[in-house]
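*Asks:* 3D, please:
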Amino acid sequence: MTAFNFETARHNMIEQQIRPWDVLDQRVLDTLATVPREDFVPERYRNLAFSDVAIPLGQGEFMMKPNLEARLLQALAVQPSDNVLEVGTGSGYLTACLARLAIHVVSVDIVPEFTEAARDKLKAHNISNSVLHTGDASRGWGGRRFNAIAVTGSVATVADDWCQSLSLGGRLFIVAGQAPAMEALLITRLGEREWMRESLFDTELSPLRNAAPVEAFVF
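*Replies:* This next block holds a predicted model:
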């Protein structure tokens with residue numbers, strides 16, 4: 001039996017899924033080409049690591065599809081000096097990508113098993129500029145401000161806490177709405193009381209745990 005060629009699959013993912021979705025940021029493409037997605041998916045799905053599917057993680061949760069991960073990374077435009085909050089660690093793959101782009105990543109997941117497994121995987125790949133917590137970050141985390149916030153599950157409405165957690169010039173990527181009418185949003189903090197909301201594209205994403213409908217943030 002011929003061994004599965006992960007490098008060819010990775011190349012095809014980038015050229016056939018990612019680039020056609022207008023992801024052209026070279027730092028993002030280099031990150032996707034370098035971080036081994038196959039090492040972060042459940043073992044039985046390794047051969048599907050680069051497919052255009054939402055891979056099950058257990059606990060009723062799923063990984064984002066590769067093209068959505070790529071659009072998230074490009075939209076956030078993470079800089080080498082940025083501190084990033086990831087809401088929903090999941091497999092740890094996106095954590096690894098963010099850590100490659102930023103100076104530091106704080107990632108929070110409500111499922112202890114996800115936190116533990118992702119921590120082991122990140123350590124195995126010598127990724128040391130991320131800190132993982134088990135907890136509920138559906139309304140912000142620790143009262144800190146971040147340069148970028150990535151929310152990896154969908155919400156009905158955007159909680160004010162996340163917008164307030166952005167530093168000046170900070171960006172929030174989030175998928176909001178209810179299936180099938182969801183949209184990916186980029187929210188940028190322009191001032192202490194001013195934010196800009198940009199609709200990026202229509203999509204569909206599994207809901208974030210505990211992100212029940214809350215009072216919408218008004219721009």
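*Asks:* Which other helices and strands does the lengthiest strand in the chain contact?
*Replies:* Residue-count comparison of every strand in the chain, with assignments taken from DSSP state E, identifies strand 166-178 as the longest. Identification of packing neighbours for strand 166-178 by 3 or more C-beta pairs under 8 Å, 6 or more residues apart in numbering; DSSP states H and E yields helix 66-76, strand 146-151, helix 160-164, strand 181-191. Yep, even glycine has a C-beta here, placed from its N, CA and C like the rest.
*Asks:* That strand - what's its average pLDDT?
*Replies:* Mean pLDDT, computed over strand 166-178, is 96.
*Asks:* And stretch 126-145, by the same measure?
*Replies:* Model confidence over stretch 126-145 averages 93 on the pLDDT scale.
*Asks:* Ends of it, what's the gap?
*Replies:* The stretch stretch 126-145 measures 26 Å between its terminal residues, going by C-alpha to C-alpha, to the nearest Å.
*Asks:* How far off centre is that stretch?
*Replies:* Between the mean C-alpha location of stretch 126-145 and the chain-wide mean there is a distance of 13 Å, by C-alpha atoms, centre = their mean, to the nearest Å.
*Asks:* one step back: rank the helices and strands packed on strand 166-178 by pLDDT, which is bottom?
*Replies:* Mean pLDDT, when computed for each of the helices and strands packed on strand 166-178, is lowest for helix 160-164, at a mean of 93.
*Asks:* what's it packed up against?
*Replies:* Checked by 3+ C-beta pairs under 8 Å, 6+ apart, helix 160-164 has strand 166-178, strand 181-191 packed alongside it.
*Asks:* which of these sits most buried?
*Replies:* Per-residue neighbour counts averaged over each of the helices and strands packed on helix 160-164 give the maximum for strand 166-178, namely a mean of 20 (mean count of other C-beta atoms under 10 Å).
*Asks:* With just CA atoms, put that one into CSV.
*Replies:* These are the backbone C-alpha positions of strand 166-178, laid out as CSV (Å, rounded to 0.1, in the frame of the first residue of the first chain):
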residue,chain,number,x,y,z
LEU,A,166,-9.6,44.9,22.1
SER,A,167,-6.7,47.3,22.4
LEU,A,168,-6.8,50.4,20.2
GLY,A,169,-6.4,49.1,16.6
GLY,A,170,-7.2,45.6,17.8
ARG,A,171,-9.2,43.2,15.6
LEU,A,172,-11.9,40.6,16.4
PHE,A,173,-12.8,37.8,14.0
ILE,A,174,-16.2,36.2,14.7
VAL,A,175,-19.0,34.4,12.9
ALA,A,176,-22.4,35.7,13.9
GLY,A,177,-26.0,34.8,13.1
GLN,A,178,-28.0,31.7,13.0
